[in-house]
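> Provided below for reference: sequence and predicted model.
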Amino acid sequence: MKKFAVILSGCGVFDGSEIHETTLTLLAIVKHNCEYEIFAPDIEQHHVINHITGEVMNEKRNVLIESARIARGKIKNISKLNVDDFDAIIFPGGFGVSKNLSTYAFDGHKMKVIPEVENLIKKMVEIKKPIAAMCISPVLLAKVIKDVALTIGQDDDTIVDLQKMGAGHIKTNSAEVVIDRSKKIVSTPCYMLDVDINQIALSADKVIKTLLDLIE
């Protein structure tokens, strides 16, 4: 049975992981008779957003603890992730990717990726195991992997940033994936496009099918 590591960045689209993308990815993994484990870094969130008003709240939260809400408590520190135990890793989207796992939200193409995530991506590429990135998550791969082909959909500003980081971008529509077979990278735009939850489910399913095709 194939096993996936799912990397979260908090809980909630504006300051953590996108919950629909995460949950439907977990569902797709199980539907394809595979297993998953969930990981997140044990770090403080950049900030906390009121998801009703969009305003910053005067409080602090921890990325691992918040991610545990989605994982129903069954989660591990990303420092405990052994790449030899998994067939592929998946990064759902959400602003936590660009605020907690990296500095993309603030620094654009000059962003930095937190060491735990950067090292994980490099290890997966080194041992030729697949990585999937959903929504905004491809920015992580563009920064860490040279000359990678990927997609974030059709947002021109983000596309320019990806190209400045050396990535090749392919514009996509709803539920489409881009595959860089030489590097075993799968990406899909999800909520980077104006889509509904059904399209997210289709995207997640296609991502898992594609990863299974790439796993040796």
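Thanks, I have it.
> Identify the residue nearest the spatially most central residue of the chain in space, chain neighbours excluded?
Nearest to the mean C-alpha position of the chain, counting by CA atoms, centre = their mean, stands residue 91 at 2.2 Å. The shortest distance from residue 91 to any non-neighbouring residue, by CB to CB, 6 or more residues apart in numbering, is to residue 137 (3.8 Å). Glycine gets a C-beta too; all of them are placed from N, C-alpha and C.
> What's the local residue count around that neighbour?
34 (other CB atoms under 10 Å).
> List the residues that contact it.
Residue 137 makes contacts with 91-93, 97, 187, as judged by CB atoms under 8 Å, 6 or more residues apart in numbering.
> Quick check: the residue of the chain most remote from its centre vs residue 96, distance?
In the chain, counting by CA atoms, centre = their mean, residue 58 sits farthest out from the average C-alpha position, at 26.7 Å. Per CB to CB, to the nearest Å, residue 58 is found 19 Å from residue 96.
> Would you state the strands of the chain in chain order?
Ranges of strands in the chain, per DSSP state E, are 3-7, 35-40, 48-49, 56-57, 76-77, 88-91, 131-134, 149-150, 168-169, 178-180, 185-188.
> what angle do the top helix by length along the chain and strand 35-40 make?
With secondary structure taken from DSSP state H, the chain has its longest helix at helix 197-214. Calculated by axes from the mean of the first three to the mean of the last three CA atoms, to 10 degrees, helix 197-214 forms an angle of 110 degrees with strand 35-40.
> May I see the buried residues of helix 197-214?
199-208, 210-212, 214 (16 or more other CB atoms under 10 Å).
> go on, stretch 75-85?
Quick answer for stretch 75-85 (16+ other CB under 10 Å): 75-76, 78, 81, 83.
> try stretch 94-110
94-105, 108-109.
> Let me know the closest of the residues you listed to residue 116.
Distance to residue 116 across the buried residues of stretch 94-110 (CB to CB) is lowest for residue 101, with 8.5 Å.
> Provide a list of residues in contact with that closest one.
By CB under 8 Å, 6+ apart, the contact set of residue 101 is 7, 9, 41, 91, 113-114, 117, 140.
> From the contacts of residue 137, pick the one nearest residue 34.
residue 92 (15.9 Å).
> so how many other residues sit close to the closest one?
32.
> Surely it is in contact with residue 17?
Yes - between residue 92 and residue 17 there is a contact at 5.3 Å, judged by CB atoms under 8 Å.
> joint contacts of these two?
In contact with both residue 92 and residue 17: residue 8, using CB under 8 Å, 6+ apart.
> can you pull out the helices in the chain?
Using DSSP H, helices in the chain cover 19-31, 63-70, 95-99, 104-107, 115-126, 138-144, 156-164, 197-214.
> just checking, what packs against the fourth one?
Counting contacts by 3 or more CB pairs under 8 Å, 6 or more residues apart in numbering; DSSP states H and E, helix 104-107 packs against helix 95-99.
> what does the helix it packs on contact?
8-10, 12-17, 45-47, 49, 63, 91, 104-106, 111, 135-137, 139-140.
> circling back: by neighbour count, which of the contacts of residue 101 wins?
Within these, neighbour counts (other CB under 10 Å) peak at residue 9, which reaches 34 neighbours.
> Could you double-check that it lies in contact with residue 16?
Yes - the criterion here is CB under 8 Å, and residue 9 meets it with residue 16 at 5.5 Å.
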